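Asker: Provided below are the primary sequence and the corresponding predicted coordinates.
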Amino acid sequence: IHDQYTRKGVEAFKKAYGKNSQNALAAYNVAVIYYNFFNEADDRYAANIRALQQLNANKPVIKDPKKKAAEDAKFKVQVDELKKANQLVEKEATDNVDVAIDWLTKSYVILKEKATRTNTEKNVINKTVDFLANLYSYKMNKVRGKDPKAFDALEAKYKEFDALHSSFK
């Protein structure tokens, strides 16, 4: 899905960061690419959910038991394919979220510690905290009702970064 040039860009930014671990913009650029990968995966996940809803909405009502069993089997295959696809897409999305959070955190820590920031750096740190809030919100919602301890930890991270929205002037 991701073209070779985007992948080369990731490697170039990682290399730049590797040469200078204070290069917040390189870390940020790696993070933004993974954030975009996450958004693409999340869009595919949503499209599959819509396809499942469409399947359910258009499921024919069949009275004949023999025809109904055959139709139900066909329907189940379609539903199972979409559910399996979504499991793979969800794993891809989660992996990209984790990588984006890692690189955004690197960028944030570097820029937060700077006494004076350029206008570009102010813009980047403000976007960084917004992206981190969004990603922690996504992760928080994935564990809602399933893992209260993880939910509380993720909610704390979400609130930490959401509170920093537009705070770097």
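Answerer: Great, that's in hand. Residues are numbered from 1 along each chain as shown.
Asker: Once you drop chain neighbours, what's closest to the residue nearest to the spatial centre of the chain?
Answerer: The residue lying closest to the centre of the chain (C-alpha atoms, centre = their mean) is F38, at 3.6 Å. Using C-beta to C-beta, 6 or more residues apart in numbering and skipping the chain neighbours, the partner closest in space to F38 is N96 (3.9 Å). Just so you know, the C-beta spots here come from the backbone N, C-alpha and C atoms, and that holds for glycine as well.
Asker: Can you report how many residues lie near K112?
Answerer: Neighbour count for K112, taken as other C-beta atoms under 10 Å: 14.
Asker: What's the local residue count around the residue nearest to it when sequence neighbours are not counted?
Answerer: Spatial nearest neighbour of K112, excluding adjacent residues (C-beta to C-beta, 6+ apart): I125 at 6.9 Å. Using other C-beta under 10 Å, I125 has 22 other residues around it.
Asker: just D64 next, same as before
Answerer: That count, for D64 with other C-beta under 10 Å as the rule, works out to 9.
Asker: ditto for the one 10 residues further on
Answerer: Here the neighbour count serves as a burial measure; for K74 (other C-beta under 10 Å) it reads 10.
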